[in-house]
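Enquirer: Predicted coordinates and the sequence they were generated for:
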Amino acid sequence: MTLNSNPRKIKVQGAAFRLHRDYEIRSPVDIAIEDIAMAEDLLVTIGALKGADGRLVRKGNQGIARISDSIIEPARQKFTICHEFGHWLLHRDECQFFLCKEDDMYDYRSDCLEIEANSFAAELLMPKRWIKKSFWELEPSIAKLQEMASFFQVSLTAAALRYVELSKRACMVVFSDGNNVRWWRKRENLPFWLQSKQRVDSRSYASECFKTGQKCDGMQDVEPEAWFLHCDTELSELLEDSIYLQNQEILVSLLWFPSYG
């Protein structure tokens with residue numbers, strides 16, 4: 001497998017834009033992803049798949065993407081299909097076989113090919129031009145992420161990652177299991193980070209949401225040390241909004257650094 005040193009952002013955007021143009025996609029309801037994939041010589045099937053969410057096998061100009069039948073949420077299933085479709089369109093010369101786990105679907109810090117497949121899925125399902133300018137003027141919140149997820153017909157996880165990527169607000173989204181941080185993503189150039197498998201501090205709203213099963217009522221002030229005790233950069237203000245997704249057994253925390261944007 002030949003790996004590029006950096007994700008090819010323009011190539012990814014161009015591939016997604018071509019599909020929108022060629023298949024006259026004007027809104028989320030127009031994205032009949034399995035039909036579009038078939039038209040591009042990729043057959044999508046749903047079935048048993050051990051140890052992975054998606055698998056792509058290429059043979060010449062024909063391909064088969066198998067999506068695990070353990071994925072019951074339609075939005076997550078659609079994103080997984082788009083991820084494999086991204087491999088199909090973008091990586092013809094790199095690899096004839098892809099086996100993608102759950103972490104590959106959302107981890108934007110993994111190898112370059114997985115990053116490109118994720119970025120393609122996000123560009124195809126959630127193009128920035130479909131988001132009204134007024135949306136970005138609103139303060140960050142879980143409610144806004146839910147609104148975004150509903151409009152684009154994607155999971156809250158996918159919407160949160162896209163929001164952090166596109167927004168000018170200085171935000172970070174954190175995914176945890178109530179005890180430890182599983183993974184996170186921040187706005188580019190934000191000088192804060194979380195340690196690998198960092199404990200969820202009892203002073204955070206994430207901890208409270210996990211214990212009570214209730215979500216925050218919008219952004220709330222939280223002690224910066226609840227999340228960033230280890231950071232050298234001084235942080236005087238931090239806002240948090242968290243929600244516990246019981247069906248997925250995962251906490252989603254949106255952190256906002258007002259002094260940084």
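Expert: Noted; the coordinates are in hand. Numbering: from 1, shown residues only.
Enquirer: from what I can see Arg66 touches Thr45, true?
Expert: Yes: look at Arg66 against Thr45 with Cβ atoms under 8 Å: they come within range, at 5.2 Å. Bear in mind the C-beta positions are built from the backbone N, C-alpha and C, glycine included.
Enquirer: For the stretch 51-200 of the chain, which residues score under the pLDDT cut-off?
Expert: 103-110 (pLDDT under 70).
Enquirer: Per the annotation, how does the protein divide into domains?
Expert: Residue ranges for the domains of the chain, per automatic domain parsing: 9-125, 142-260.
Enquirer: want to throw the ones you listed into CSV with mean neighbour count?
Expert: Formatted as CSV, the domains of the chain follow (neighbours: other Cβ atoms under 10 Å):
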stretch, mean neighbour count
domain 9-125, 17
domain 142-260, 18
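Enquirer: Mind putting these into CSV with distance to Lys132?
Expert: Below are the domains of the chain laid out as CSV (distance: least, Cβ to Cβ, whole Å):
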stretch, distance to Lys132
domain 9-125, 13
domain 142-260, 10
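Enquirer: Of those domains, which is nearest Ile131?
Expert: Ile131 sits nearest to domain 142-260 of all these, at 7.4 Å, using Cβ to Cβ.
Enquirer: just checking, Arg199 touches Ser176?
Expert: No: Arg199 lies out of contact with Ser176 (Cβ under 8 Å); the separation is 9.2 Å.
Enquirer: anything in contact with each of these two?
Expert: In terms of Cβ atoms under 8 Å, 6 or more residues apart in numbering, Arg199 and Ser176 are not both contacted by any residue.
Enquirer: distance of Val174 from Leu124?
Expert: Noted for Val174: a distance of 25 Å to Leu124, by Cβ to Cβ, to the nearest Å.
Enquirer: Leu239 now?
Expert: According to Cβ to Cβ, Leu239 and Leu124 sit 31 Å apart.
Enquirer: Repeat that for Glu84.
Expert: 12 Å.
Enquirer: sec struct for Gln195, please.
Expert: Assigned by DSSP: H, G, I helix; E, B strand; the rest coil, the conformation of Gln195 is coil.
Enquirer: isn't it right up against Leu229?
Expert: No: counting by Cβ under 8 Å, Gln195 sits too far from Leu229 to count as a contact (9.5 Å).
Enquirer: and Trp88, what does it touch?
Expert: Neighbour list for Trp88: 37, 40, 42, 56, 58, 63, 65 [criterion: Cβ under 8 Å, 6+ apart].
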